[in-house]
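1. Kindly return the folded structure for what I paste below:
(one chain, ligands or ions: 1)
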Amino acid sequence: MISKQVLKALNEQTHAEFYSFYLYLAVSSYFTDLHLDGFALWMEVQAQEELAHALKLFHHVQERGGRPHLAAIAEPTSEWGSPAEAVQAVLEHERHITGRINALANLASEEKDHATSVLLHWYVSEQVEEEATADRLYHQVAMVQESPQGLLMLDRELAGRGGSTAEV
Ligand code: OFO
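-> Next comes the predicted model:
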């Protein structure tokens, strides 16, 4: 049986992952408006990953005899000053999520909830990848932001890699 504290924290993290889904969709939509379809696709694939992250936690709560609580999801920002700013927002969000996952992992250890600890090992590794890919993309877009040609080349590259978020 899951403790009340762990249940609450897992539900909050599920909510944070649903918010991540919303944020990536908002960024995807921003890039669609700019006709940067490769960026838009990359962000949409990321959004799908976030949905999977949320559902994995949702099902874990159910399997442990808890009840998921579905709180309202806030509207994400939908406008940024430049493509680099939009990608920076994603990078900062991933850093924030890493902090949350680490705090959750600490709580699961303190509560001796081994099943949740094992599940969270996956999230800890996933966050290393999420931050690294967002960081790489941010540096690439910042590098070409003054060059429309460079931006279009990067966009084409991202369009070709839309099926995998593990690479940029
Ligand atoms: Fe769910 O990892 Fe990104 O936010």
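
2. Now stretch 6-25: buried residues?
-> 6-7, 9-11, 13-25 (16 or more other C-beta atoms under 10 Å). The C-beta positions use only the backbone N, C-alpha and C, and glycine is treated the same way.

3. should've said stretch 110-126
-> For stretch 110-126, by 16+ other C-beta under 10 Å, it's 111, 113, 116, 117, 119, 120, 123, 126.

4. For the closest residue to the last one other than its chain neighbours, give its distance to residue 121.
-> With C-beta to C-beta, 6 or more residues apart in numbering as the measure, residue 53 is the residue that lies nearest to residue 126, at 7.3 Å, once sequence neighbours are left out. When C-beta to C-beta, to the nearest Å is applied, the distance between residue 53 and residue 121 equals 14 Å.

5. Likewise for residue 56?
-> Distance of residue 56 to residue 121, given as C-beta to C-beta: 12 Å.

6. Next up, the contacts around residue 121.
-> Contact analysis of residue 121 by C-beta atoms under 8 Å, 6 or more residues apart in numbering lists residue 105.

7. Check it and give its pLDDT.
-> What the model reports for residue 121 is a pLDDT of 98.

8. Okay, and it sits in which element?
-> Here residue 121, judged by DSSP states H and E, is contained in helix 114-144.

9. Near the ligand, which residues of this structure are found?
-> Contact residues, the chain versus the ligand (C-beta under 6 Å from any ligand atom): 17, 20, 50, 53, 94, 97, 130.

10. Please look at the last one and residue 96 and confirm they touch.
-> No. Here residue 130 lies out of contact with residue 96, judged by C-beta atoms under 8 Å, at a distance of 11.2 Å.

11. more neighbours, those two?
-> In this view residue 130 and residue 96 are compared by other C-beta atoms under 10 Å, and residue 130 has more residues nearby, 26 against 12.

12. Could you report the neighbour count for the residue nearest to that one when sequence neighbours are not counted?
-> Once flanking residues are discounted, residue 130 sits nearest to residue 94: 4.8 Å by C-beta to C-beta, 6+ apart. Neighbours of residue 94 under the rule other C-beta under 10 Å: 21.
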